[in-house]
Each structure stands twice: as C-alpha cells, then as structure tokens.
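K.L.:
Pasting the sequence and the predicted model now:
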Amino acid sequence: MTISGIISAVVIGVAVGLLGRLVLPGRQHIGVLWTLVVGVAAALVGSLVASLFGLEGTRGVDWTECLIQIVLAALGVAALDRVLGHVRPPPH
C-alpha cells in the first residue's frame, strides 16, 4: 500500500467511523479517537471484504463497499461501546 493509499484509508476511515456511529441509536460512551480508530479499521477491512467479492473494479463511487464499511464501523463502535461503556460509570 502506498502513502497515498494509507492517507486515503485514514480519510475514508474518519468518515466511515462517524457514519457508523451516527447509524447507532442512543449515545455511545467512547471517545472520538476510538471512533476514528474503528472507522479506519472498518474502512480497511471493508475494502478487503469488497475485493474478496470482486467489487474493487467498479468505476466511480462503490456504494456497496461504502455500505460494508459503514456496517462494519457500526458493529465495531457498538462492540467497543459495550466493552468500554461498562468500564466508566454512567454520568448523573
């Protein structure tokens, strides 16, 4: 992966992480940094999953790949929220 590919993954990961967080109902008890980390991971894994299904060769915006990435980000944010949400006491 080239430097521009890594930078693209980070930028897309930021957007994917935020979108993944937005589709979840309620408030998540994780910080923005964790959301971004989950988003970058979801963007990379989502791209890998899309390439396994042969979706990497589409022209323009690949909406299926974006949807896979957002779903993975939402699952990641929800899982991390469950783990880290029990560590911190809820605010009063």
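P.N.:
Arrived safely. Numbers count the residues shown, from 1 in each chain.

K.L.:
contacts, neighbours, all on C-alpha from now
P.N.:
Will do.

K.L.:
Show me the longest helix that occurs in this protein.
P.N.:
helix 63-85 (DSSP state H).

K.L.:
So which bits of that one are buried?
P.N.:
For helix 63-85, the neighbour count (16 or more other Cα atoms under 10 Å) marks 65-66, 68-78, 80-81 as buried.

K.L.:
And for stretch 20-31?
P.N.:
Buried, per 16+ other Cα under 10 Å, within stretch 20-31: 20-21, 28-30.

K.L.:
With secondary structure and pLDDT added, can I get those residues in TSV?
P.N.:
Below are the buried residues of stretch 20-31 laid out as TSV (DSSP: H, G, I helix; E, B strand; the rest coil; pLDDT from 0 to 100):
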residue	secondary structure	pLDDT
G20	helix	83
R21	helix	82
Q28	coil	79
H29	coil	78
I30	coil	82
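
K.L.:
Tabulate these in a markdown table, adding columns for distance to A41.
P.N.:
As requested, these are exported to a markdown table (distance: Cα to Cα, whole Å):
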| residue | distance to A41 |
| --- | --- |
| G20 | 12 |
| R21 | 14 |
| Q28 | 18 |
| H29 | 19 |
| I30 | 16 |
